[in-house]
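1. prediction below, plus the sequence it came from.
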Amino acid sequence: MYAQMIKSTGKGVKSLDEMDPQERAFQERIDAGGKIEPKDWMPEGYRKNLIRQIGQHAHSEIVGQLPEGNWITRAPTLERKAILLAKVQDEAGHGLYLYCAAETLGITRDEMFEALHEGRMKYSSIFNYPTLTWADMGAVGWLVDGAAIMNQVPLQRTSYGPYARAMVRICKEESFHQRQGFDIMMKMCNGTEAQKRMAQDAMNRFWYPSLMMFGPSDKDSVHSEQSMAWKIKMNTNDELRQKFVDQTVPQAEYLGLTIPDDTITWNEEKDGYDFAEPDWSEFFDVLKGNGPCNHDRLETRKQAWDEGAWVREGMLAHASKRRAAKLAAE
Amino acid sequence: MSSPSPSAYDENETPKAGPKRTGEWPLFEVFIRGQHGLSHRHVGSLHAPDAAMAIKNARDVYTRRNEGVSIWVVEAEAIHASAPGDKEALYDPANDKVYRHPTFFDVPDEVGHM
């Protein structure tokens, strides 16, 4: 998802009997549907895991602005441009909500930026693919944001209060993102032959990367097991991927687009579609930094941070000068 | 939410969270009053160099969809909060005072609405 391959302590999930009283009380509170708040006691693993997960999610929102920002100046109409601008602005907001949620765990936003820029923290693999045509704006909104919503809706019930509250705000706004993408796709699929071809091409390129967003199957992963016990992960990757496919296939049919997977068939027994797995070696390669745009995205991000340094410093200097002048006047 | 006092994070992954480093904008907590006469409500936090910029940023980050008509910002450091450990001492005494709720008292049907 926006947070992929989050490693936890890797020791397996302790049973309540194996926990000391403090940890047991913590787990029982989570089991009962209670929320953990910033100043509450929490196991170190819970805190670290959440920093990784929320941080990666925040980075994904921020880096996720880049492939779309690329099209703001190239949008086909003024209305599309205004809509895309609003969407990209939302992504910035979502990143900020999430950084603030992570900050309640005892890390600062600047530290997270540094970790991102130095490659110690990741962002979602999906943003390492290029957005080559206007139809990609449709595919990103429809498929990428659609996949993100699958994961974000259940996270509104996550055990960590600040994270859950951030997700509530994000989910409220995210639906607009998916619909505007679908709207672009509808327009193109009802357009000229060339526009239809462009929409199909976007679909072809974004289908498997979208499936990869959920991460590889985690049914045997101790990391996932622990995260699910802590309710910082609410569903398995496979569950969410299945849900996404089941939702998306009829939408693609409506658009008249072909999903680039010949094996997709309705499976009455499981009440869902059978579909082909993406190429996981590609996924791991992209995570390692070898995707088509990894270098470009990170460099753009670093450049924005470095070139903004004088603004950040100047504004702090101005603020402290004004504070000093105000004190002198008192 | 206001931040807890920073504690160490795994050194291998990110630098230790220490006291606020120079050059970092302070954290402000944001409170918004909605349209319908409700009181200001905490909506989140943000970084800004000073209070004036914090209000401008809050407008961009927290009111993109008419969420409010008034913004308060306060430096997170200025917030004093009760400690989670004091929960029992603070709130348990209220549990055995059910007479503070109107439903404690039976009003005979004949009396009608009260």
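-> Cool, got the structure.
2. following the longest helix anywhere in chain A, which helix or strand comes up?
-> If you go by DSSP state H, chain A has its longest helix at helix A:161-189. Moving toward the C-terminus from helix A:161-189, the next helix or strand (DSSP states H and E) is helix A:193-212.
3. A:Pro162 versus the spatially most central residue of chain B, what's the distance?
-> Note on chain B: the residue nearest the mean C-alpha position is B:His42, at 4.4 Å, using C-alpha atoms, centre = their mean. The gap separating B:His42 from A:Pro162 is 11 Å, by C-beta to C-beta, to the nearest Å. (Glycine included, C-beta is placed from N, CA and C.)
4. same check on B:Ala89?
-> Counting by C-beta to C-beta, the gap from B:Ala89 to A:Pro162 is 25 Å.
5. check A:Asp90 too.
-> Separation of A:Asp90 from A:Pro162 (C-beta to C-beta) stands at 19 Å.
6. quick one, which of those two is more surrounded?
-> A count of neighbours by other C-beta atoms under 10 Å in any protein chain shown puts A:Pro162 above the other of A:Asp90 and A:Pro162, at 26 against 19.
7. just checking, that one touches A:Thr104?
-> Yes: with contacts counted by C-beta atoms under 8 Å, A:Pro162 reaches A:Thr104, the gap being 4.8 Å.
8. okay, now A:Gly12: neighbour count?
-> A:Gly12 has 12 nearby residues by other C-beta under 10 Å.
9. check A:Gln195 too.
-> With other C-beta under 10 Å as criterion, A:Gln195 counts 16.
10. also the one 5 residues further on?
-> Neighbour count of A:Gln200, defined by other C-beta under 10 Å: 18.
11. OK, contacts around it?
-> A:Gln200 makes contact with A:Leu257, A:Thr258, according to C-beta atoms under 8 Å, 6 or more residues apart in numbering or on different chains.
12. where's it relative to chain B, distance?
-> 34 Å (C-beta to the nearest C-beta, to the nearest Å).
13. same check on A:His318?
-> According to C-beta to the nearest C-beta, A:His318 and chain B sit 7 Å apart.
14. name the residues that touch the one helix or strand the residue nearest to the centre of chain B maps to?
-> Using DSSP H and E, B:His42 sits within strand B:41-47. By C-beta under 8 Å, 6+ apart, the residues outside strand B:41-47 that reach it are A:96-97, A:100, A:103, A:109, A:165-166, A:169, B:1-2, B:24-34, B:54, B:57-58, B:61-62, B:67, B:76.
15. where do the strands sit along chain A?
-> In chain A, the strands defined using DSSP state E lie at A:265-267, A:272-274.
16. so for A:Tyr208, which of those strands sits nearest?
-> Nearest to A:Tyr208, of all the strands of chain A, is strand A:272-274, at 14.9 Å by C-beta to C-beta.
17. quick one: low-confidence residue ranges for chain B.
-> Within chain B, the segments meeting pLDDT under 70 span B:1-22.
18. in it, which spans are strands?
-> Going by DSSP E, chain B shows strands at B:27-33, B:41-47, B:70-75.
19. to A:Asp262, which of these lies closest?
-> Of the strands of chain B, nearest to A:Asp262 by C-beta to C-beta is strand B:41-47, at 46.3 Å.
20. run the chain-centre distance for the closest one.
-> Centre-to-centre, strand B:41-47 and its host chain are 8 Å apart (C-alpha atoms, centre = their mean, to the nearest Å).
21. appreciated, that's everything.
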